[in-house]
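Q: only geometry, no sequence info:
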Ligand SMILES: Nc1nc2c(ncn2[C@@H]2O[C@H](COP(=O)(O)O)[C@@H](O)[C@H]2O)c(=O)[nH]1
Ligand SMILES: [Mn+2]
């Protein structure tokens, strides 16, 4: 059942990426879709459990708030709607069970963030980034998350940074 659910989730992520590529090709094209040269796809998930082999034995490993960071495995570590995100490659760190953080992680819980921040705070945090202005996103304001650069520095034994991505547009559903 776990394998089936994981496979279902993988196919969902593939479908989402297919749609992004298709829409991007339309956006870039002049009347007809542009030809997109897709060089690499990083299909990276967090919050899952699977059977793996670690330190000499088979274990059921749950990565909660974590991604797999096996040696050479590409991954994504997002910051927040207003800060940098990282394309990484795993180092296969044994004591961490070949894992790394899945994102910046929260300083404020969702309810706490909604009570602490205002829409004006969100406007200030999102200067220069195109986003859908709504109080519905106050719980995801960049200030509700840890500093991603500190998190990345703490994770230096777990992953190598390949690319640092800067936010231009943020799209969230509400
Ligand atoms: N690049 C973006 N990263 C984001 C955004 N909102 C949250 N985050 C980061 O992702 C992780 C995981 O999110 P979660 O919804 O599973 O908690 C989180 O810790 C943040 O670091 C975003 O809009 N863009
Ligand atoms: Mn999530």
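A: That came through fine. Everything numeric in this text was worked out from a predicted model, so none of it was measured. Ligands and ions are numbered 1, 2, ... in the order given.
Q: Surely residue 164 is in a strand?
A: Yes. Inclusion of residue 164 in a strand is indicated when DSSP: H, G, I helix; E, B strand; the rest coil is applied.
Q: list the contacts for the nearest residue to it once chain neighbours are set aside?
A: Once flanking residues are discounted, residue 164 sits nearest to residue 84: 5.3 Å by CB to CB, 6 or more residues apart in numbering. Every C-beta, even on glycine, is put in place using the N, C-alpha and C of the backbone. With contacts defined as CB atoms under 8 Å, 6 or more residues apart in numbering, the neighbours of residue 84 are 148, 149, 164, 165, 166, 167.
Q: So what's the residue count around the first one?
A: Residue crowding around residue 148 was assessed by other CB atoms under 10 Å; the count is 22.
Q: Before we move on, what's the pLDDT of it?
A: At residue 148, the model reports a pLDDT of 96.
Q: Relative to residue 68, how far out is it?
A: 19 Å (CB to CB, to the nearest Å).
Q: Name the next helix or strand downstream of the longest helix along the chain, please.
A: Identified as the longest helix of the chain according to DSSP state H is helix 2-28. Where DSSP states H and E defines the elements, the next helix or strand beyond helix 2-28 is strand 48-54.
Q: what angle separates that next one from helix 2-28?
A: Comparing the axes of strand 48-54 and helix 2-28 via axes from the mean of the first three to the mean of the last three CA atoms, to 10 degrees yields an angle of 110 degrees.
Q: Give me the contact status of strand 48-54 with ligand 1.
A: No. Against ligand 1, strand 48-54 shows no contacts by CB under 6 Å from any ligand atom, the least distance being 12.3 Å.
Q: for that strand, packing partners?
A: helix 2-28, strand 57-63 (3 or more CB pairs under 8 Å, 6 or more residues apart in numbering; DSSP states H and E).
Q: Could you see whether ligand 1 lies near the helix or strand following the shortest one?
A: Using DSSP H and E, the helix or strand that follows strand 57-63 towards the C-terminus is strand 66-68. No. In terms of CB under 6 Å from any ligand atom, no part of strand 66-68 sits within range of ligand 1; the closest distance is 10.1 Å.
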